[in-house]
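**Student:** Make a model of this:
(chains A and B)
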Amino acid sequence: AQSVSQHNHHVILSEAASLELGCNYSYGGTVNLFWYVQYPGQHLQLLLKYFSGDPLVKGIKGFEAEFIKSKFSFNLRKPSVQWSDTAEYFCAVNAVGNNRLAFGKGNQVVVIP
Amino acid sequence: GAVVSQHPSWVICKSGTSVKIECRSLDFQATTMFWYRQFPKQSLMLMATSNEGSKATYEQGVEKDKFLINHASLTLSTLTVTSAHPEDSSFYICSANDRLVEGPQHFGDGTRLSIL
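**Tutor:** Take a look at the predicted model:
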């Protein structure tokens, strides 16, 4: 079964700073990769996904993530964060052909105005 | 976009009662829905996969008789926590895949269950 690791559970940064959240997974086969965001009091929303093709994926709200197969990583980035990016971010993985998602523990991101 | 509705959003009940949580896909059909449990400051843990018209598939360590799942139609799955106890207090979240469109899971708003 696949597992997902996210480090630095709490991240605090100022507006306009750059953000990078790490995500590593363990699974030997082909995977689909996702980043979800959960704003305070709201449900999980999809930020971006990778199924195949260009390993650099662009999502909503200026986020992007890069799939590096050799490192089993799918790190999330945003060059310049805003106060409204304060949320919890979850990386998730599923094996191709199996819809069961494995989630990381999440990163609580707080952006200070 | 695809919407998943979960009801109720918050429930408080006495120990020993059973609680039913509904998960509906509002504008798409889902042959598969998923039930997760989330503890404070922790990740979502998959409890079971709900399959329309057949038995649910439970993850290791999840009691089938404790967490009853019914997926009677392509738009509705229910999770019943039977004889709930305080340790069952948690945040329960469902998600669903559109059966016609390959893509990510769509999540409900979650149900906060508090057992006194």
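**Student:** Just give the number of residues close to residue B:19.
**Tutor:** 19 (other C-beta atoms under 10 Å in any protein chain shown). Any C-beta I mention is one placed from the backbone N, CA and C, and that applies to glycine too.
**Student:** all strands for chain A, in order.
**Tutor:** Using DSSP state E, the strands of chain A run over A:3-5, A:10-14, A:19-21, A:24-26, A:31-38, A:45-50, A:56-58, A:64-68, A:73-78, A:87-95, A:102-103, A:107-112.
**Student:** near chain A, which residues of chain B show up?
**Tutor:** For chain B, the residues in contact with chain A (C-beta under 8 Å from any C-beta of the partner chain) are B:4, B:32, B:34, B:36, B:41-46, B:49, B:93, B:95, B:97, B:102-110.
**Student:** what are the bridge partners for the residue positioned nearest the centre of chain B, then?
**Tutor:** Nearest to the geometric centre of chain B sits residue B:35, at 3.6 Å (C-alpha atoms, centre = their mean). Residue B:35 forms beta bridges with residue B:48, residue B:94, as assigned by DSSP bridges.
**Student:** Out of the strands of chain A, which gets nearest to residue B:75?
**Tutor:** strand A:45-50 (20.2 Å; C-beta to C-beta).
**Student:** Check whether the closest one comes near chain B.
**Tutor:** Yes - interface with chain B: strand A:45-50 contributes A:45-46, A:49 (C-beta under 8 Å from any C-beta).
**Student:** Please apply the same query to stretch A:22-41.
**Tutor:** Yes - judged by C-beta under 8 Å from any C-beta, stretch A:22-41 and chain B are in contact via A:34, A:36.
**Student:** What is the end-to-end distance of that stretch?
**Tutor:** 24 Å (C-alpha to C-alpha, to the nearest Å).
**Student:** can you check stretch B:86-102 too?
**Tutor:** 38 Å.
**Student:** where does chain A dip in pLDDT?
**Tutor:** A:1 (pLDDT under 70).
**Student:** Which residues of it lie near chain B?
**Tutor:** Checking chain A against chain B by C-beta under 8 Å from any C-beta, the hits are A:4, A:9, A:34, A:36, A:42-46, A:49, A:51, A:90, A:99-106, A:108.
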